[in-house]
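**Student:** Structure for this input, please:
(2 chains)
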Amino acid sequence: MATEFHNLQELRHSASLANKVFIQRDYTDGTVCKFQTKFPSELDSRIERTLFEDTVKTLNNYYAEAEKIGGQSYLEGCLACLTVYLIFLCIETRYEKVLKKISRYIQEQNEKIYAPRGLLITDPLERGMRVIEISVYEDRGSSGSSSGSSTTSSSGR
Amino acid sequence: MSVSGLFFIPVLGLACFHLVLVARGRTTNEQVTGKFQGGVNPFTRGCCLNLQSVLFSPIMPRYTGKLRDRLPVCVHPPFHHPESQKLTPVKSSDNCVPSQTLPLKSLEEVDDPDSKSLSSPPPLPPKPDPVLLKNHLAALEESLLQSRAVMPSGHKIIPLQTSESPTKVLYQVPRDQIGTRISPLVPQEHASDPSLLQSENPGNSLTLNSRSLSLKHSHRRVAETPGPHPSASVLISRSGSLSCDSLLRPVERLGSQTPFLPMDSSLPRGPGCNCSPVFMNISRHSPQHREPSPVCYDSLAKPLMSSIQERREPDEKDKPLALAPNSGIYDIPSRRSLPHDFRGPSSRGPTPPAYGSREFLLSSAAYGYGCRSHLSSSSSSSLTRTPRTASSPLHFNRSLSPSFYHSLDRHSQQLPSALPSSSYGHQKALAFIRGEERPEPEL
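**Tutor:** Take a look at the predicted model:
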């Protein structure tokens, strides 16, 4: 399992992980990959509601686009079946392309919106598409102070 | 020759069996354990769609080894906060993103010099431009249709009622450029469900209300003009999706809080209309129930309802503890559910279902306890047998957990009139059953 790498340890002279907020999946539309847009109360004072919901909705749209059943997915399935999945050594599936787009989007959102507010979004891919994990950082002053209830999510895998 | 032909008989048999399974949208386990013999399979979407989703689904890649080439993101203070500081403008994202974020300007009109402005028109004059409003309305209709295609005809009331208000919200966006004010503004205009708005208005500015009211009339005129126009600018489509989503958020919020409820409520209606019974139940019951449990409890007797609510309280207390570790999310079902007691009426599986799996969704859906999605497993798995006992509260199922007994008994004793038989007979029955489970009486 790949671990996320945030360059925090070198700059932890004034920021430390305080809490993690998890955005769960929304199953009202079935088992498609969709996350709840409900605004968590822990982020109430950290980020504007609209920004957060924009992010989640965009992510939901991306996932819907990735899981769309259409001509391309049919062709990929047929080709994979015929070539015994060897075709995936050469080409990239549409789902993978969308996953890369999502990763770029999350990176950009982190840089522009969330990091200035002391938050970091973890790609749900790294959490098995179960949750969107938002790490909340606090301004703790010097690095000697201990952080709050920081948790290790990697142990859940 | 005939011997080799004999080998194909089981193969063909299995092939046919699995074709039937795929067409019906079931798993082998569900078929073998007879889960859906009495009810409706909530996971099926019709024969054609089932086949299509099995055969033509996109191939999902593996998740390992793809995440190492990521640039680190530095997080260091000072951090921006929404209330204390001015709103920072949001830069528009790159071209591959279909929807872009709005640029936000502060109330004091202090602009960040390096904010990239979208291709939006300059701030409009006070008089509303009917053409712009038409485009807004069209974009809103489009985005409403796109985002809520599932919403059935019975519930078109909600979008229709607020079809006027989003236009004025849309109009607010390019004028005031205050993103945070939009969402509280919309629920204020949403008159049908005031109870939903309690948590939606943290700190509204009332300055926009008068403006919105004055624009209401002009928007009404525009709302009646027929024919959607194709939306041109990114800003219009973005603000359309923004406000319609913020509109639907009061309904969505509760809808997403009970992710399992539509599967149960749609049972009598079929899998097509998922949302309407959910929203109907929620809007009917939300003023009465408290915030964490907007679930329909019509079919249960009062003592059961109160016992369920009582049982929820330890769940709520456990919630902050349970949510702290990420692995706790997955530990909760195994920690709190009772594997030896978890026997559904028709299932014979000994292990509790994993969180998020089909069995888990099914078990909580089939009994209609759509609790909070992040903590629904514990309470719903323990409560799966209550509808069976609702009709005859005296005939307790032996497989119920003892704690459920206690809460039930406490309330049964407080409400003896609710029970059909005499109190003496009731207590005797309780004592009899309890005597088998536990030695000490608690009468």
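
**Student:** quick one: contacts for A:Leu86?
**Tutor:** Residues near A:Leu86 by C-beta atoms under 8 Å, 6 or more residues apart in numbering or on different chains: none. C-beta here means a position set from N, CA and C on the backbone, and glycine is covered the same way.

**Student:** From A:Leu43, how far out is it?
**Tutor:** Separation of A:Leu86 from A:Leu43 (C-beta to C-beta, to the nearest Å) stands at 45 Å.

**Student:** Name the nearest residue to the residue nearest the centre of chain A, sequence neighbours excluded.
**Tutor:** With distances taken as C-alpha atoms, centre = their mean, A:Asp123 lies nearest the centre of chain A, 2.2 Å away. Nearest residue to A:Asp123, sequence neighbours excluded (C-beta to C-beta, 6 or more residues apart in numbering or on different chains): A:Ile106, at 5.2 Å.

**Student:** name the helices or strands packed onto whatever helix or strand the one you found lives in?
**Tutor:** Element membership of A:Ile106, judged by DSSP states H and E, is helix A:94-109. Judged by 3 or more C-beta pairs under 8 Å, 6 or more residues apart in numbering or on different chains; DSSP states H and E, helix A:94-109 is in contact with helix A:49-66, helix A:71-82.

**Student:** pLDDT below threshold where in chain A?
**Tutor:** A:1-14, A:141-157 (pLDDT under 70).

**Student:** again, only this time at 90
**Tutor:** Residues of chain A that meet the criterion pLDDT under 90 lie in A:1-19, A:28-32, A:41-46, A:68-72, A:85, A:88-89, A:91-93, A:115-118, A:126-129, A:137-157.

**Student:** For the residue nearest to A:Asp123, give its distance to A:Cys33.
**Tutor:** With distances taken as C-beta to C-beta, A:Ile106 is found 14 Å from A:Cys33.

**Student:** got it, and B:Leu19?
**Tutor:** For B:Leu19, the distance to A:Cys33 equals 27 Å [C-beta to C-beta].

**Student:** Those two - which one has more neighbours?
**Tutor:** In this view B:Leu19 and A:Cys33 are compared by other C-beta atoms under 10 Å in any protein chain shown, and A:Cys33 has more residues nearby, 18 against 11.

**Student:** which SS class is that one?
**Tutor:** Taken by DSSP: H, G, I helix; E, B strand; the rest coil, the conformation at A:Cys33 corresponds to coil.

**Student:** Please give me every residue in contact with it.
**Tutor:** A:25, A:63-64, A:66-67, A:129.

**Student:** repeat that for 10 Å
**Tutor:** Contacts for A:Cys33 were tallied using C-beta atoms under 10 Å, 6 or more residues apart in numbering or on different chains; they are A:25-26, A:59-60, A:62-64, A:66-67, A:124, A:129-130, B:60.

**Student:** Touching, B:Val22 and B:Ser57? I think so.
**Tutor:** No - under the criterion of C-beta atoms under 10 Å, B:Val22 is not in contact with B:Ser57, lying 11.8 Å apart.

**Student:** For B:Ser53, state which of the contacts of A:Cys33 is nearest.
**Tutor:** Within the contacts of A:Cys33, the smallest distance to B:Ser53 is 9.5 Å, found for A:Glu67 (C-beta to C-beta).

**Student:** Any figure for the gap between the closest one and chain B?
**Tutor:** 6 Å (C-beta to the nearest C-beta, to the nearest Å).

**Student:** Am I right that that residue is in contact with A:Leu99?
**Tutor:** No - with contact defined as C-beta under 10 Å, A:Glu67 does not count as touching A:Leu99 (11.1 Å).

**Student:** Now for these two: what residues contact both?
**Tutor:** With C-beta under 10 Å, 6+ apart, A:Glu67 and A:Leu99 have common neighbours B:Met60.

**Student:** Most neighbours out of the contacts of A:Cys33, which is it?
**Tutor:** A:Leu59 (23 neighbours).

**Student:** Now that that residue has come up, it's in contact with A:Asp123, right?
**Tutor:** Yes - if you go by C-beta under 10 Å, A:Leu59 and A:Asp123 touch, sitting 9.4 Å apart.
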